[in-house]
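Peer 1: Show me the folded form of this:
(one chain, ligands or ions: 1)
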Amino acid sequence: MRLQDKFILVTGSARGIGFAIAEKCAKEGAHVGVCDLSADAVNEAVANLQAQGFKASGFACDVSSAANVQTMVDAASKVTGRIDGLVNNAGITQDATLRKMTDEQWNKVINVNLTGVFNCARAVAPGMMDQGSGAIVSISSVVGLYGNFGQTNYAATKAGVLGMTLGWAKELGRKGVRANAVCPGFISTPMVAAMPEKVVDMMKTQVPMGRLGQPEEIANVAAFLLSDEASYVNGATIEVSGGIVM
Ligand code: NAP
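Peer 2: Sure thing, here's the model as predicted:
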């Protein structure tokens, strides 16, 4: 198993892509840290994983709060004595066209998707550098590469995540810590299920493979990047989008 005995912390992992990543890492032998906003949702996800015979610990945490994140990382570090991998997955959308986007919509998405990723990476990096190994995988989006109608805030954060990843690859690489990003296309999760059917059908026409992706198809790539099989992959952005044309 590729992640045997590693401790992997996954943010926003009570459901959707994050849960699929946590489950895949657990299947690969990792002890997973499930981090999400709601304590009830965290407990449910941890119980699900443990019922499958996997090792999982839960942390209710708002990634947009630096204090919350530090408390979570301090607690998570004590579970096995180290954090081998961080997956920055927690993310939200608050869509509006440029002229209609409110300060509140802008700030909310920046606080979770950009500051949240910064908070988590900053909190785990010292421990990883001290132990001389670690992997940070951040879930960006094809929207960070190509932009999207009505998503000024979201595109800014997802492009920002790619920039931060490149910086961390340079800063942390010499200490044995790798940083990479995954850009999913349109994936079948609660986030997409909330969209009108007409919009989802339109999204499918943009994908040469003619379908949405499954959360497990993102999880497979994240697990690879977290594993030692990716030992020389650093600063990479991997698009997992069925070849989308936006
Ligand atoms: P999702 O189903 O909405 O799940 C996101 C999870 O993150 C939820 O459990 C959510 O909790 C949690 N979360 C939200 N704000 C948080 C915070 N401040 N602190 C901690 N956890 C928080 O989303 P998804 O579709 O799986 O997306 C996961 C990631 O992939 C996101 O970064 C998203 O931008 C990215 N992505 C998704 C797609 C797609 O098509 N689905 C495409 C490209 C990129 P609540 O439920 O309590 O809000």
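
Peer 1: Name the residue closest to the centre of this structure, please.
Peer 2: Asn89 (1.9 Å; CA atoms, centre = their mean).

Peer 1: By mean pLDDT, point me to the weakest helix or strand of the chain.
Peer 2: Every helix and strand of the chain was ranked by mean pLDDT, DSSP states H and E. The lowest is helix 190-193, at a mean of 80.

Peer 1: Which of the residues in the helix or strand following that helix are classified as buried?
Peer 2: Using DSSP states H and E, the helix or strand that follows helix 190-193 in sequence is helix 197-205. For helix 197-205, a neighbour-count test (16 or more other CB atoms under 10 Å) marks Met203 as buried. For every residue, glycine as well, the C-beta is placed using N, CA and C.

Peer 1: pLDDT of the helix or strand following helix 197-205, averaged?
Peer 2: Next along the chain after helix 197-205, taking DSSP H and E as the criterion, comes helix 215-226. Averaged across helix 215-226, the pLDDT comes to 98.

Peer 1: Which neighbours in the sheet does whichever helix or strand comes after helix 215-226 have, and how are they oriented?
Peer 2: As assigned by DSSP H and E, the chain's next helix or strand after helix 215-226 is strand 237-240. Sheet pairing here is set by DSSP bridges, and for strand 237-240 it gives strand 177-184 (parallel).

Peer 1: got the end-to-end distance for stretch 141-154?
Peer 2: 9 Å (CA to CA, to the nearest Å).

Peer 1: Close to the ligand: what parts of the protein are there?
Peer 2: 11-12, 14-18, 36-38, 61-64, 89-92, 112, 116, 139, 141, 184, 186-187, 189-192 (CB under 6 Å from any ligand atom).

Peer 1: Looking at those residues, which are in helices?
Peer 2: Those of the residues of the chain next to the ligand mapping onto helices are 16-18, 116, 190-192, per DSSP state H.

Peer 1: Just the buried residues out of those residues, in PyMOL syntax.
Peer 2: Per 16+ other CB under 10 Å, the buried members of these correspond to this PyMOL selection:
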select buried, resi 16+17+18+116
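
Peer 1: between the ones in helices among the residues of the chain next to the ligand, which is nearest Val233?
Peer 2: Ile17 (19.7 Å; CB to CB).

Peer 1: For the closest one, give me its contacts.
Peer 2: 89, 139, 184, 187, 189, 215, 218-219 (CB atoms under 8 Å, 6 or more residues apart in numbering).

Peer 1: again with Trp168
Peer 2: Trp168 neighbours (CB under 8 Å, 6+ apart): 121, 125, 136, 177, 179.

Peer 1: Considering those residues, which possesses the most neighbours?
Peer 2: Ala179 (29 neighbours; other CB atoms under 10 Å).

Peer 1: Val32: helix or strand, and which one exactly?
Peer 2: Residue-wise, Val32 maps onto strand 31-36 under DSSP H and E.

Peer 1: my bad, Ala76
Peer 2: helix 66-80.

Peer 1: No further questions, thank you.
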